[in-house]
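J.: Next comes the sequence, and after it the predicted model I'd like to discuss.
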Amino acid sequence: MAGILFIISAPSGSGKSTLVTELRKQVTGVEFSISWTTRAPRGSEENGREYHFTTREEFERKIQAGEFLEHAEVFGNYYGTARQSLDDARKQGYDLLLDIDVQGAAQVRESMPEAVSIFVLPPTPKVLRTRLRNRSRAEGVVNEAELYRRLSEASKEIENYRQYGYILVNDILDRAVAQLEAIVLSERYYRNGEAIAVRSSRVLEVAGACRLENTRERLKPVLEAFGIEGNSGQQHLPFGDDPDDD
């Protein structure tokens, strides 16, 4: 059967990579596309594992050669998905999961509207700030200016949530993983007629609750916390340091 293309996007620090890792442990037949980037490796990252690291010149050569399914420049670095990843997954009949930002996702949706798109949100600005700071500490460098820039960018990215078919709020990891798994299995069921065994009704129910049109109440406090909706039109600054943040 033809594989399904899944797009997953989220602000940096939302736990998206952890969700994808856990999903692949539990669901077979899902290939993960390793993106290309011009940024330097962080911490223990290895070339060909987290990313394919390359130079800006080589990346631009690949753009000119039409080798990318999508590409975007984020925080001064290029990121892109090689077309070969999709071709290889299709040949094997596997689903392909793209971990890409909102710019890249828009490009893919335009050329492949049948793709399943999933947006992951952190529950609050404070949680996002803590995750970003902890990640920076683990990498040995805490740059407050860079941290604030990523936090500010998060609200701009979250404003694009309406462009996605499914929405996840990553507040409790196990629940978010179960929701992501349900989305993949339900799409296989609807598109390919793949059985979900005895869990079918529950899986379809969990996935259905994550559809954009069914998440309004769940999203309302999250969007208000990020100053995107609500707050009676008052200016909202969600990224200031809280006294108990550390």
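T.: Great, that's in hand.

J.: separation between residue 205 and residue 129?
T.: Separation of residue 205 from residue 129 (C-beta to C-beta, to the nearest Å): 33 Å. No exception for glycine: its C-beta is placed from N, CA and C like everyone else's.

J.: Strands of the chain, start to end?
T.: Using DSSP state E, the strands of the chain run over residues 5-9, 30-32, 36-37, 52-53, 68-74, 77-82, 95-99, 116-121, 166-169.

J.: ok, and what's touching the third one?
T.: In this case it means strand 36-37. 51-54, 59, 62, 68, 77-82 (C-beta atoms under 8 Å, 6 or more residues apart in numbering).

J.: Go again with 7 Å.
T.: With contacts defined as C-beta atoms under 7 Å, 6 or more residues apart in numbering, strand 36-37 is touched by 51, 52, 53, 54, 59, 77, 78, 79, 80, 82.

J.: likewise the first one?
T.: When contacts are taken as C-beta under 7 Å, 6+ apart, the neighbours of strand 5-9 outside the stretch itself are 16, 20, 86, 95-102, 105, 108, 112, 115-120, 184.

J.: quick one on the thing from earlier: filter the contacts of strand 36-37 to the buried ones?
T.: 51, 54, 59, 78, 79, 80, 82 (16 or more other C-beta atoms under 10 Å).

J.: Could you let me know which of those ends up closest to residue 157?
T.: residue 79 (13.6 Å; C-beta to C-beta).

J.: Spatially nearest residue to that closest one (excluding sequence neighbours)?
T.: If the residues on either side of it in the chain are set aside, residue 79 comes closest to residue 37, at 4.9 Å by C-beta to C-beta, 6 or more residues apart in numbering.

J.: roughly how far apart are the one you found and residue 58?
T.: 11 Å.

J.: Those two - which one has more neighbours?
T.: Neighbours per residue, other C-beta atoms under 10 Å: of residue 37 and residue 58, the larger number sits with residue 37, 19 against 12.

J.: Now do that one, the pLDDT please.
T.: On pLDDT, residue 37 comes in at 97.

J.: I figured residue 80 was touching residue 73, is that so?
T.: No - here residue 80 does not reach residue 73: they are 9.7 Å apart, not a contact under C-beta atoms under 7 Å.

J.: follow-up on the earlier one: pull the most distant pair out of the buried ones among the contacts of strand 36-37.
T.: 78 and 82 (12.6 Å).

J.: before we move on, back to that, tell me which of residue 205 and residue 129 has more neighbours.
T.: Using other C-beta under 10 Å, the more surrounded residue of residue 205 and residue 129 is residue 129, with 23 against 11.
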